[in-house]
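[1] Here is my input; please provide its structure:
(one chain, ligands or ions: 2)
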Amino acid sequence: MSDSFDVVIIGGGPGGYNCAIRAGQLGLRVACIEMRGTLGGTCLNVGCIPSKALLHASELYEAANTEFAKLGIKTSGVEVDLPVMLAQKDDAVDGLTKGVEFLFKKNGVEYIKGKGRIASAGQVEVELAEGGSQTLSTKHIVIATGSEVTPLPGVEIDEKRVVSSTGALSLEKIPGKLVLIGAGVIGLELGSVWRRLGAEVTVVEYLDRILPGMDSELAKTAQRTLKKQGMEFKLGTKVTGIDSSDPDLLKVAIEPAAGGDAETIEADTVLVCIGRRPYTEGLGLENVGVQPDQRGVIANNHFQTSAENVWVVGDCTHGPMLAHKAEDEGVACAERIAGKAGHVNYGVIPGVVYTAPEIASVGLTEDELKESGRKYKKGKFPFQANSRARTNHTTDGFVKILADAETDEILGAHMIGANVGEMIAEVCIAMEFRAASEDLARTCHPHPTLTEAVRQAAMGVEGWTMQA
Ligand code: FAD
Ligand code: NAD
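    Ligands and ions are numbered 1, 2, ... in the order given. All right, here's what the predicted structure looks like:
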């Protein structure tokens, strides 16, 4: 194995592995260092993929109990086999992480198992997983070390009773009572999984709304729908401590965020999901003079850090902590290193919450438009009026399209409903081409599909929605 490279990437998550594959495609000599033992990062190992495997399985289980009868399908003896459900999740993870290893081989990427540390400009030291160390010399270093769970001061995560998302993906039994701290994406997704499997779920959120940052009309509808499904919300509330002295019961102390009477709620399991923070521990940033900000974020200018030939992508730099954002940055970064014009359009990064119904957003929210004073027009269409949604009994939700009042350029789209996580991509493409809402409204959509709701919402921008 050679110790000399054009690019050494530290971290094998969506940012790092996509950067490595693209660099390999572009003919660069590239190595990717990963300390986890498997490739794919948070996303494949303990994030996107295992959570979606459990969301899919638990959604089918709930449908078998609550929806099948309406469709004329009689069921009996439907039961959860948790070990099998967890094993199929692990199988999905295993197959996909090995898939990345295959892609590395195919594209000539050297996969180095161990912990990387920047020793100096152009030198990375690896503490090898198999023991010993190795020093790599390289023209470029890419930092793709991702993120870790943000801890809650005073609350100790043991990954058994008080868990992070990682523990919540592998609970040994279905909790009777589950308390979630944080009504963000992880809380709503993993809370949905365990509620569907039988847990009573209470969500404690510091702010007076769920899903901060998403369009507030969308968030309100989402909260109403999740509440109807049985999730209880305690908004504007903070957790002040957890008493775990009773081996059978956790006592979670809460009080209004604005101050007021304290209360105790009981739980078998508490999931702490108040966000993630960049992970750069032991990375040797000081050896190249890179200083993260107070939150640990490494700044970048077109993926270049303040140090020459040291680059950064993914969760440990600015922007939404999303796998596809990390991926796009990884690709663009490799292209810039190869002297090409790599670019990421941060205005068109979709966000999806994989609850049922799904929640999906791209571009500016209506709140942001109101705040900025920019004049906009809005088209909104309910799934209640969409023929496919009615046929499928999935009528909850709506599509909202926002467009510039003068030019009609699409500025944002916000949807809640079945399959909107897939449907949002149509608006992303339109926005990449800087399409007008009329372009969507006049594009022939197949019938009967849920996507017709997008077209009808786009028609609504000019006030000619036809089916509602
Ligand atoms: P990571 O995926 O965190 O990868 C970084 C890698 O670097 C890690 O494997 C780490 O072991 C390694 N590393 C760190 N330091 C070193 C070192 N010094 N040497 C060697 N290796 C090192 N995003 C979505 O878009 N969609 C989703 O549905 C979604 N679901 C999620 C569900 C959960 C429960 C969680 C926790 C996250 C989810 N995310 C989702 C977010 C997504 O996982 C991250 O945004 C994404 O993984 C970031 O990619 P990354 O490459 O920047 O970092
Ligand atoms: P988040 O930022 O989505 O939500 C955290 C929530 O916790 C917020 O509502 C916040 O107001 C609340 N909060 C913060 N401090 C609190 C406190 N002390 N008490 C009560 N509430 C508090 O974070 P997350 O849900 O932990 O997810 C982490 C990251 O992972 C996110 O950036 C997200 O993008 C990513 N992720 C994405 C997906 C997806 O794309 N489907 C799924 C899971 C995770």
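
[2] So which residue is smack in the middle of the chain?
    The residue lying closest to the centre of the chain (CA atoms, centre = their mean) is residue 322, at 4.7 Å.

[3] my guess is it contacts residue 349, does it?
    Yes. Using CB atoms under 8 Å as the test, residue 322 is close enough to residue 349 to be in contact (6.7 Å). Quick note: C-beta positions are derived from backbone N, CA and C, even for glycine.

[4] If we ignore the residues flanking it in sequence, what's nearest residue 217?
    Excluding the flanking residues, the one nearest residue 217 by CB to CB, 6 or more residues apart in numbering is residue 366, at 6.3 Å.

[5] go on, residue 250?
    residue 267 (4.7 Å).

[6] try residue 408
    Excluding its sequence neighbours, the residue lying closest to residue 408 (CB to CB, 6+ apart) is residue 436, at 3.9 Å.

[7] Any idea what that neighbour is bridged to?
    Counting by DSSP bridges, residue 436 is bridged to residue 409.

[8] cool, and residue 317?
    With DSSP bridges as the criterion, residue 317 is bridged to residue 298.

[9] quick one, what contacts it?
    By CB atoms under 8 Å, 6 or more residues apart in numbering, the contact set of residue 317 is 278, 297-300, 303, 329.

[10] now the helices: where do they sit in the stretch 51-200 of the chain?
    Here the stretch 51-200 of the chain has its helices, by DSSP state H, counting those that start in this stretch, at 82-106, 165-168, 185-196.

[11] Quick check: the gap between the closest residue to residue 432 other than its chain neighbours and residue 88.
    Distances taken as CB to CB, 6+ apart place residue 348 nearest to residue 432, at 5.7 Å, with adjacent residues excluded. Residue 348 sits 34 Å away from residue 88, taking CB to CB, to the nearest Å as the criterion.

[12] And residue 47, by the same measure?
    Residue 47 is 17 Å from residue 88, by CB to CB.

[13] repeat for residue 12
    24 Å.

[14] more neighbours, these two?
    Neighbour count, other CB atoms under 10 Å: between residue 12 and residue 88, residue 12 has more, with 32 against 15.

[15] which residue sits closest to the more buried one, ignoring its sequence neighbours?
    Residue 12 sits nearest to residue 34 (CB to CB, 6+ apart), 3.3 Å away.

[16] Report pLDDT for the one you found.
    With respect to pLDDT, residue 34 has a value of 98.

[17] Pretty sure it sits against residue 11.
    Yes. With contact defined as CB under 8 Å, residue 34 reaches residue 11; the gap is 6.6 Å.

[18] Find residues that contact each of the two.
    Listed as contacting both residue 34 and residue 11 by CB under 8 Å, 6+ apart are residue 41.

[19] So between those two, which is more surrounded?
    More neighbours surround residue 11 than the other of residue 34 and residue 11, with 32 against 28 (other CB under 10 Å).

[20] thought that one was touching residue 141?
    No. With contact defined as CB under 8 Å, residue 11 and residue 141 do not form a contacting pair (11.1 Å).

[21] Show me what the host helix or strand of residue 459 is packed up against.
    Using DSSP states H and E, residue 459 sits within helix 452-461. Here helix 452-461 touches strand 376-382, helix 387-391, strand 398-404, strand 410-417, helix 420-432, helix 437-441, going by 3 or more CB pairs under 8 Å, 6 or more residues apart in numbering; DSSP states H and E.

[22] Can you tell me the closest non-neighbouring residue to residue 431?
    In space, and not counting its chain neighbours, residue 431 is closest to residue 348: 4.8 Å by CB to CB, 6+ apart.

[23] Backbone dihedrals for the one you found, both of them.
    In terms of degrees, to the nearest 10, the main-chain angles of residue 348 are phi -130, psi 60.

[24] ok now do it, which residues does it touch?
    Listed by CB under 8 Å, 6+ apart, the contact set of residue 348 reads 362-363, 428, 431-432.

[25] ok, now how distant is it from ligand 2?
    As judged by CB to the nearest ligand atom, to the nearest Å, residue 348 and ligand 2 stand 15 Å apart.

[26] Residue 190: neighbour count?
    Neighbours of residue 190 (other CB under 10 Å): 24.

[27] ok, and the closest non-adjacent residue to it?
    Per CB to CB, 6+ apart, closest to residue 190 is residue 168, 4.7 Å.

[28] Then residue 100?
    By the measure of CB to CB, 6+ apart, the closest residue to residue 100 outside its immediate chain neighbours is residue 39, 4.0 Å from it.

[29] likewise residue 28?
    Closest residue to residue 28 apart from its sequence neighbours, by CB to CB, 6+ apart: residue 6 at 4.1 Å.

[30] Report whether whichever strand or helix holds the one you found contacts ligand 1.
    Here residue 6, judged by DSSP H and E, is contained in strand 4-10. Yes. Contact between strand 4-10 and ligand 1, assessed by CB under 6 Å from any ligand atom, occurs at residue 10.

[31] Report the rounded mean pLDDT for that strand.
    For strand 4-10, mean pLDDT is 98.

[32] likewise stretch 120-128?
    Computed over stretch 120-128, the average pLDDT equals 97.

[33] interface residues of the stretch 201-350 of the chain facing ligand 2?
    204-207, 212, 238-239, 273-276, 320-322.
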